[in-house]
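Asks: Okay, sequence plus prediction incoming.
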Amino acid sequence: QVQLVESGGGLVQAGGSLRLSCAASGGTIGGYTMGWFRQAPGTELALVVGITRNGDRTYYADSVKGRFTISRDNAKNTAYLQMNSLTPEDTAVYYCAAARFGDLITTPVNNYDYWGQGTQVTVSS
């Protein structure tokens, strides 16, 4: 059973940056597609970025293209989300998730098998 723990959230001013980490334990994420989802109050949980198991493909939602970067270090069993040029619209709880298929990136929440507990990101104007 893989456990995921996010860290790195917090309060930042608009235009600032944050780096989220997703550390795995209880198993290796090396074979999993990794995704970062977010949910703001009153909205649905949605995939923001994703990366295949060997990093050869990535997905970025239109709203974060050019500002966010997903990466992974399988040796450290950790995935990362670098967020730059943050805006108040990026305020949400961010969750990392792992999906067994490994070579695909899909958006449906139900396709992901393991989830972290979430970390709050708040961007002030």
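Replies: Everything's here; your move.

Asks: gap between residue 88 and residue 122?
Replies: Remark: distance between residue 88 and residue 122 (Cβ to Cβ, to the nearest Å) = 9 Å. Heads up, the C-betas are built off the backbone N, CA and C, glycines and all.

Asks: Who has more neighbours out of the two?
Replies: The neighbour count for residue 88 versus residue 122, taken as other Cβ atoms under 10 Å, is higher for residue 122 (15 against 11).

Asks: Now the more buried one: closest residue in space, sequence neighbours ignored.
Replies: Sequence neighbours aside, residue 11 is the residue nearest to residue 122 in space, at 4.7 Å (criterion: Cβ to Cβ, 6 or more residues apart in numbering).

Asks: and that neighbour, which of the three is it?
Replies: Applying DSSP: H, G, I helix; E, B strand; the rest coil to residue 11 yields a three-state assignment of strand.

Asks: Tell me the pLDDT of it.
Replies: On pLDDT, residue 11 comes in at 98.

Asks: Does it touch residue 119 like I think?
Replies: No: judged on Cβ atoms under 8 Å, residue 11 makes no contact with residue 119 at a distance of 11.9 Å.

Asks: Looking at those two, which one has more neighbours?
Replies: Each of residue 11 and residue 119 has its neighbours counted (other Cβ under 10 Å); residue 119 has more, 22 against 12.
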